[in-house]
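Student: Kindly generate the corresponding structure for this input.
(chains A and B)
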Amino acid sequence: MAAEPVVELEKIGKTYYSGDVATPVLFDISFSVVPGEFVAVVGGSGSGKTTLLNLMGLLDRPTTGTIRVEGQEVSQLDELGRARARLQRLGFIFQFHYLLPEFTVLENALMPCRMRGRAFEKAQEPRMRELLTAVGLSEKLKVRPSQLSGGQQQRVAVVRSLANDPAVVFADEPTGNLDSVSGRMVFDLMKRLSRESGTAFVMVTHDDDFALEADRVIRIRDGRMQAPAVAAG
Amino acid sequence: MSAYFIRSVAFRHLRYSISQSLLTIGVVAISVLLIIYLWTVISGTQERITLNTTGSLPHITVEPPERTPVAAWQLTALGLDPDTLYVGEVVNLPKAREGIEDWQLWLPYLDGVERTLTTVSPSVTGQAFMNRGSRRQSVRIVGVIPARYNGIVPLEDALQNGRFLGMTSGDVVLGWKLAKDFGLKLRDKVRLEGPEGLALNFTVAGIYNTGFGQVDDGQVFVTLRDGQSLLELGGSISAFGLKFTDLYEAEEIAQRIAPTLPFKVRSWVVDNPNLFRTLDAQSQTRNLILIMTTIASGFGIASILVMVVTSKYREIGILKAMGATPGQIQKIFVLEGLLLAIVGCMVGVPLGVLLLKGLAAIRVVGPDGRVDSPFLIIIEPSVLLGASLVAIIVGAIASYFPARRAGQVDPMQVIRGA
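Tutor: Numbers count the residues shown, from 1 in each chain, chains lettered A, B, ... in the order given. Here you go, the predicted structure:
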C-alpha cells in the first residue's frame, strides 16, 4: 500500500494580474510527494518552476486547484494560517543561505524552533547539535555565519530546514550559488538527510546531474507539467 | 507566538548594529536632555520674573471701594422724587473715612477666607518726607503689623541689621539703598513728616535688602499705629494684603471672594497685564521649541530604523518564509525602537539633571552686592518623567511605520534576489 502523500497538488493553476493584464504562469499541475521521496523540479528560466515551489511552500496562493499538506487543504488559508503551516510542517532552503549574521551557527539552525518558544527550542537543541555534527560543523557551533565558507553556510541552512522536523523541505536552487565540490556536498547531504529522517525533499534545480539522481523528476515547460519520467536509480 | 523569539531577535539586532544603536540612543538622549533643560530653564526664568514682579506685592489687595459721587435723586433707596428740588450741603469727608474703619471686624473673616491663604496683612500707606540734617526725600510710609506683613514680604529674612518682627512704636525699618543715601545706621534718629504736616521722630531698628527695587528704595516701614498717626488716618487702614500658596490662583480667588466683601478686591494679575502677556508668549515659544525637538527626535529614530529595516530586508524575508508572522516581525522592530528610546532616556535624564545642577551651581554677584544664581533651577521629577514618556511614546510611534513596512516584506520577492 502506497504511503499517504505529504503534499498533494490537484489541478493547480496560477495567473498573475497586473491591472487588466492577466499573465498565466502555471496550468493544471497535479502530482503528489510521498514521505522520504526526493523530487527534482526542472525546467528552463521562466518555466514557472519557482512559482510552483512558492505555491507548494505556501508562500503564495494558487489561482485554481487545491494543495493538501498531510491530507489537509491549505491552499486557501489566510496569511497567518499559512505562516503557521510553514513553521510547523515545512522547511525551506534557498539559493542564498540567508543565515542571520547576529546569531551563531547553532542559533541559526534553531531559529525555526525559537519561533515556537524557548521550551521547544531547548528540546530540539540536542537533535540540532547532532545534525550539525553529522554535517561536519561540530567545531563551528558557536561561530557566526560570516566565519564560514559558502558550502558550510549552505549546510547550516540545510540543517535549519529540518529544525521543526517538517513533513517536506522545499529547496530552491540550493546548489546554484556554490562551486561544484560544495554543491555536490550539499546535494549529497540533502539526499542523506532525506533518507535518514524520512523527510520528503522537493528541489528546484538547473543541474541535470542532480536531477537524474532524484527519485522523481518533474519537468515544467511553459507552465505545464511534461510527462513524468522516473529517473534511473 | 513566541515573545522569546521577538525579544532575542530585537536584542541581537541592537547589539550587532551597535554603532547604529548608539547613534539612535544619542539622538534620543540629546532630545530628552533638551526637553528637560528647556522646560526647566524657561519655567525657572518665568518663575523668577513672576517672583521679581510679584514677590513684593500681595497676591490680592482688599481696598475701600472707590467713591464716585452720585446725585441724590439717583439713590432710589432714599425714595426721593426726581421732580422735586432738594437742597443739600457740600461735606468734605475726613481722610479717615476713605480707609477701612472696621478692619478689626473683617480681619477674622479674611483670615479664614480660603484654605490656601498664608497671610492677611492690614496696612496703611501714604506719602511722607524723610528728613535728616539737610537731606529731605519723599518716601512711602507703610504702617504694618510686622508679624503679618512678614508673610507678604519676608523682611525679617532680608535684614542686614537689626530687627523687623520686634519693631515697636517709634521704630522705623528701611531698605539698604535709602539707608545708604541718608548715611543711616542702626539706632540713628530720623524724622518723618506726614502729608498733613505732622512730624514724628523715629529710630532706625532694622535695615534690609530684599532685592526688590521698590521695597529697598523709597519705602519705610513703621508700626501700624505709628503709620495711622503719621498719615492721620485715625483707626482705619488703607488696605488688606492677602497672600496665598499659589500666586496663579489669585485671580480666581479674587473673583470668588469679591462678592462676599463690601470692598474692592484686586489680584496682582489685573495690575500686571503685560507680565501675563510676556509669560504667555514665552510659554508658547517654549512649547514650539519642545514640539520641534520632539519631532526631530522622532524623525531621528524613524530614519535610523528605516535604515535598519532596509538593511535587513532579506533576513526579514527568510524569517517570514520560515513562518514568522507579520505581527511578530512588526513587534521586533517596535521593540527595537522602544528599547532605543528607553536607553536614550536612561542616558538623557541623568545628563539633563547633571547639566541643570551645573547651571544651578553658578553664582554671580548682583548689582546690590548679593551673590545669587542667575538661573532659578527647580528640578521637577514630573518634568524628568514627562520628557522620558514623550521620548518613549515618540520612539514607539516612530518605529511603528518602519516596523509595519518590515512586517509587510514579501518573502517571495527577497529570497530569489541576491
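
Student: Name all residues that make contact with B:G352.
Tutor: Going by Cβ atoms under 8 Å, 6 or more residues apart in numbering or on different chains, B:G352 touches B:32-33, B:35-37, B:384, B:387. Any C-beta I mention is one placed from the backbone N, CA and C, and that applies to glycine too.

Student: Tell me the residues on chain A that lie near chain B, please.
Tutor: By Cβ under 8 Å from any Cβ of the partner chain, the residues of chain A that approach chain B are A:50, A:54, A:57, A:59-60, A:79-80, A:83-88, A:90, A:92, A:94-96, A:98, A:100-103, A:111-112, A:114-118, A:121, A:160, A:172, A:177.

Student: Of those residues, keep whichever come out buried.
Tutor: Using 16 or more other Cβ atoms under 10 Å in any protein chain shown as the burial test, the residues of chain A next to chain B include A:50, A:54, A:57, A:59-60, A:83-88, A:90, A:92, A:94-96, A:98, A:100, A:102-103, A:111-112, A:114-116, A:121, A:160, A:172, A:177 as buried.

Student: Just those: which are in helices?
Tutor: If you go by DSSP state H, these have A:50, A:54, A:83-88, A:111-112, A:114, A:121, A:160 in helices.

Student: Show me which pair in those residues is furthest apart.
Tutor: Using Cβ to Cβ, those span at most 30.5 Å, a distance reached by A:T50 and A:E121.

Student: circling back to that earlier point, which of the contacts of B:G352 sits closest to chain A?
Tutor: Using Cβ to the nearest Cβ, B:V32 is the member of the contacts of B:G352 that sits closest to chain A, with 27.4 Å.

Student: And for the closest residue to B:M167 other than its chain neighbours, the neighbour number?
Tutor: Distances taken as Cβ to Cβ, 6 or more residues apart in numbering or on different chains place B:P146 nearest to B:M167, at 4.9 Å, with adjacent residues excluded. Neighbour count of B:P146, defined by other Cβ atoms under 10 Å in any protein chain shown: 23.

Student: and the host helix or strand of B:A302, how far out from the chain's middle?
Tutor: For B:A302, the element it lies in under DSSP states H and E is helix B:273-311. For helix B:273-311, the gap between its own C-alpha mean and the chain's C-alpha mean amounts to 23 Å (Cα atoms, centre = their mean, to the nearest Å).

Student: Let me see the mean pLDDT of that helix.
Tutor: For helix B:273-311, the mean pLDDT works out to 82.

Student: tell me the contacts of the residue in the stretch 151-300 of chain B positioned nearest to chain A?
Tutor: Nearest residue of the stretch 151-300 of chain B to chain A: B:G300, at 22.8 Å (Cβ to the nearest Cβ). Neighbour list for B:G300: B:24, B:27-28, B:31, B:398 [criterion: Cβ under 8 Å, 6+ apart].

Student: picking up where we left off before, between the ones in helices among the buried ones among the residues of chain A next to chain B, which is nearest chain B?
Tutor: Nearest member of these to chain B, counting by Cβ to the nearest Cβ, is A:L87, at 2.5 Å.

Student: Next one, pLDDT for that closest one please.
Tutor: pLDDT, A:L87: 92.

Student: likewise B:P94?
Tutor: For B:P94, the predicted pLDDT is 54.

Student: now the one 3 residues further on
Tutor: According to the prediction, B:R97 has pLDDT 51.

Student: got it, and the one 10 residues further on?
Tutor: The model reports B:L107 with a pLDDT of 92.

Student: so where's chain A uncertain?
Tutor: A:1-2, A:227-233 (pLDDT under 70).

Student: Tell me which stretches of it form strands.
Tutor: Here chain A has its strands, by DSSP state E, at A:7-18, A:21-33, A:38-42, A:64-69, A:72-73, A:90-93, A:168-172, A:200-204, A:216-221, A:224-225.
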